[in-house]
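Peer 1: output the structure for:
(one chain, ligands or ions: 1)
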Amino acid sequence: MTSTKFWQNNAKSGIIGCMAKHFTLITLTFCASALISSLSAWGEESKSTQVLDPEQFKDPTQILIKKGYLAAKTVPDICAKLFCYCGCDITDKHSSLLDCFTSDHGVGCPICIEEALIALAMHKKGKDICEIQYAVDKRYAKQYPFDSPSENLKKYNSERLWDVDKRPTKSQSKENDKVPELKKNKKSGNCCGGSSEHSKDKKDAK
Ligand SMILES: [Zn+2]
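Peer 2: Have a look, this model is predicted:
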């Protein structure tokens with residue numbers, strides 16, 4: 001082998017070795033990201049399967065309940081980042097709105113249902129989680145039935161994405177105005193922590 005050929009061969013194998021290394025790296029990166037995305041997809045799916053089947057609410061009087069459960073099933077990741085202000089953080093140890101729909105809790109609670117409907121409606125309009133949290137907090141925080149916040153509420157307040165600087169613009173927060181109305185015989189506010197209406201509903205359901 002002439003010295004020119006030797007260097008040419010060496011350069012070639014260097015390039016090939018380098019390409020092989022890159023290929024391995026790319027393959028590994030691809031596999032890792034595929035694994036991560038399938039894991040997070042699995043996470044989403046398992047969250048949504050925790051929500052009770054909306055189809056069980058067949059009665060025409062339960063149409064809003066069905067819509068509420070369907071909303072939670074559709075956007076479980078958003079509901080998991082919202083706080084339910086009905087008082088279930090204390091009465092039922094709920095840590096997020098999603099918890100309201102993994103049992104029959106949401107059936108008797110207009111606040112839970114409305115919050116889930118707002119989450120879905122805003123998500124469909126392309127609003128992000130920060131705007132949705134702001135809209136829900138603005139509308140329902142005043143309905144929180146307890147004098148002092150629970151540990152879960154304190155945790156939520158420290159983690160929520162909006163604050164004075166990041167507050168959505170007025171036009172964005174006007175989303176609040178277009179909330180589906182609840183049935184007239186359903187009392188809104190203080191449902192779980194305040195009155196016995198919800199616990200009565202639960203008893204009836206059993
Ligand atoms: Zn609730």
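Peer 1: only C-alpha atoms from now on, for both contacts and neighbour counts.
Peer 2: Fine.
Peer 1: model confidence for Ser48, exactly?
Peer 2: If you check Ser48, the pLDDT there is 77.
Peer 1: secondary structure class for the residue nearest to it when sequence neighbours are not counted?
Peer 2: Nearest in space to Ser48, with sequence neighbours left out and distances taken as C-alpha to C-alpha, 6 or more residues apart in numbering, is Lys73 at 4.9 Å. Applying DSSP: H, G, I helix; E, B strand; the rest coil to Lys73 yields a three-state assignment of helix.
Peer 1: one more: Asp163?
Peer 2: Per three-state DSSP, Asp163 ends up coil.
Peer 1: swap in Phe146?
Peer 2: Put simply, Phe146 is coil when judged by three-state DSSP.
Peer 1: about what we covered before: can you tell me how far the residue nearest to Ser48 is from Ser158?
Peer 2: Using C-alpha to C-alpha, to the nearest Å, Lys73 is found at 26 Å from Ser158.
Peer 1: more crowded one of these two?
Peer 2: Applying other C-alpha atoms under 10 Å to Lys73 and Ser158 shows that Lys73 carries more neighbours, namely 26 against 10.
Peer 1: okay, that one: pLDDT?
Peer 2: What the model reports for Lys73 is a pLDDT of 97.
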